Structure formats: C-alpha cells, structure tokens
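S.K.: A predicted structure for the sequence below; I have some questions about it.
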Amino acid sequence: MEFVNPPEELDRLSRRAFARPVQISRGPACEIARRIACEMRIRDDLSSLSLWGLGIELLTTIARGDDPPRQESNPVWLGRVIDLLRARCCDALSVRELALEAGVHPGHLARAFRRARGCRIGEFLRGERIERAKSLLVRSDESIALIAARVGFSDQAHLTRAFKRETGTTPAVYRASARWR
C-alpha cells in the first residue's frame with residue numbers, strides 16, 4: 001500500500017514498522033492482511049476508506065511486533081498450552097484435554113486464549129496446520145491428500161477449503177507458484 005503525501009505521524013509509523021524486514025505468516029498482522037485481501041475483492045464505494053483504515057491498523061500491528069498489546073501478563077499455563085498446540089497441532093486435541101493439561105476450566109481456557117492471542121483455539125490450530133502444510137507443499141513431492149492427512153485435516157477437500165480461505169489460493173496453485181520462483 002502506498003500513501004501519497006502521508007501525514008507526518010503516519011510517515012513515522014511506516015518507518016518504524018518497516019525498519020527491519022517483515023514477514024507475516026500468522027497472528028494479528030496476518031488476519032489484517034487477510035481482511036485487506038477480502039476488501040480488495042469487494043471493490044465498492046467504501047473500499048478505499050476501509051483499506052485506508054486496515055492499512056493503518058496493519059502498520060500499527062507490525063510496528064508493535066506481531067503480538068497483540070497486553071493489558072496484563074499472561075498466566076504461565078497459557079504459554080504451556082500454546083507450546084502444546086504448536087508441538088501437537090497435527091493431532092486431534094480437545095479444549096477439555098488442553099484445560100486438563102493447564103489445570104483450568106475449559107471455558108476459562110477458551111476466554112483467556114482468545115483474550116491473549118486475539119483468536120479462538122481452533123483458529124490458531126488451523127493456522128498452525130496450514131503453516132505446516134505450506135512447508136510440506138514446498139519441500140516435498142507428497143500428494144496433497146497425504147499432506148492433508150499428515151497435518152491433521154480430515155481429507156484433501158478440507159485442507160483445500162481451509163487453505164484457500166486463509167491464503168486466497170489452493171494448495172496446488174501455492175505449490176506450483178512456490179516452485180516456479
């Protein structure tokens with residue numbers, strides 16, 4: 001996104017956000033980027049205003065770092081749950097199982113997770129699975145159906161729907177374009 005004659009504060013924010021190389025692969029910045037892509041497909045009379053706001057939100061998020069601002073520190077058990085989700089993202093995990101591991105009530109876990117991460121546990125898990133699928137699509141010649149099973153999706157169609165919703169493209173197109181580069 002390019003700003004023509006940006007206000008001085010916006011110019012400072014842009015310099016801060018891009019003072020270092022930035023790669024967006026998950027978290028709040030990725031969600032904002034997804035919303036920008038959706039807005040660009042709509043293209044109505046409100047799109048430019050929406051894109052302006054989303055662009056500023058993306059710059060702010062990148063300038064802060066990929067973690068959402070926290071009002072309070074997160075409990076230690078939440079860090080253990082996040083580590084467990086990352087380590088076992090391809091397994092079938094339940095909120096009850098995660099809550100038992102953390103020693104908290106499932107409802108409390110779900111609320112604390114959403115407050116800390118800005119997404120639901122299932123959304124986080126799906127994002128982790130898609131990241132693993134992306135890596136396998138580029139690094140291996142395994143079939144997409146096998147990759148889907150390896151990363152925890154029920155079948156190739158399930159992976160394809162989730163992948164397209166998250167990235168805007170299918171796994172096959174993603175693989176072909178990654179190999180073309």
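M.R.: Structure received.

S.K.: mind listing the helices for this structure?
M.R.: Per DSSP state H, the chain carries helices over the ranges 8-17, 28-42, 47-64, 76-87, 95-102, 106-117, 121-139, 144-150, 156-167, 171-180.

S.K.: want to throw those helices into a markdown table with mean pLDDT and mean neighbour count?
M.R.: Every residue, glycine included, has its C-beta placed from N, CA and C. Below are these laid out as a markdown table (pLDDT from 0 to 100; neighbours: other CB atoms under 10 Å):
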| stretch | mean pLDDT | mean neighbour count |
| --- | --- | --- |
| helix 8-17 | 71 | 13 |
| helix 28-42 | 79 | 16 |
| helix 47-64 | 77 | 16 |
| helix 76-87 | 93 | 15 |
| helix 95-102 | 92 | 16 |
| helix 106-117 | 91 | 16 |
| helix 121-139 | 93 | 18 |
| helix 144-150 | 95 | 18 |
| helix 156-167 | 93 | 17 |
| helix 171-180 | 87 | 14 |
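
S.K.: grab the nearest non-local neighbour of the residue nearest the centre of the chain.
M.R.: When CA atoms, centre = their mean is applied to the chain, the residue found nearest the centroid is Arg26 (3.0 Å). Leaving out its chain neighbours, the residue that sits closest to Arg26 by CB to CB, 6 or more residues apart in numbering is Gly127, at 5.0 Å.

S.K.: ok, now Arg117?
M.R.: In space, Arg117 is closest to Phe124, 5.9 Å off (CB to CB, 6+ apart).

S.K.: again, but for Ser50
M.R.: Glu39 (5.0 Å).

S.K.: could you do Tyr174 as well?
M.R.: Per CB to CB, 6+ apart, closest to Tyr174 is Leu137, 5.8 Å.

S.K.: so that neighbour touches Arg175, yeah?
M.R.: Yes: counting by CB atoms under 8 Å, Arg175 is a contact partner of Leu137 at 4.3 Å.

S.K.: what touches both of these two?
M.R.: Ile144 (CB atoms under 8 Å, 6 or more residues apart in numbering).

S.K.: was I right about the residue nearest to Arg117 contacting Arg114?
M.R.: No: the pair Phe124 / Arg114 is not scored as a contact, 9.4 Å apart, by CB under 8 Å.

S.K.: isn't Ala172 up against Ile144?
M.R.: Yes: contact status for Ala172 versus Ile144: in contact at 6.3 Å, counting by CB under 8 Å.

S.K.: circling back: and the residue nearest to Arg117, what does it touch?
M.R.: 82, 85, 113, 117.

S.K.: okay if I get the residues you listed as CSV plus distance to Ser94?
M.R.: Formatted as CSV, those follow (distance: CB to CB, whole Å):
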residue, distance to Ser94
Ile82, 16
Leu85, 12
Phe113, 14
Arg117, 18
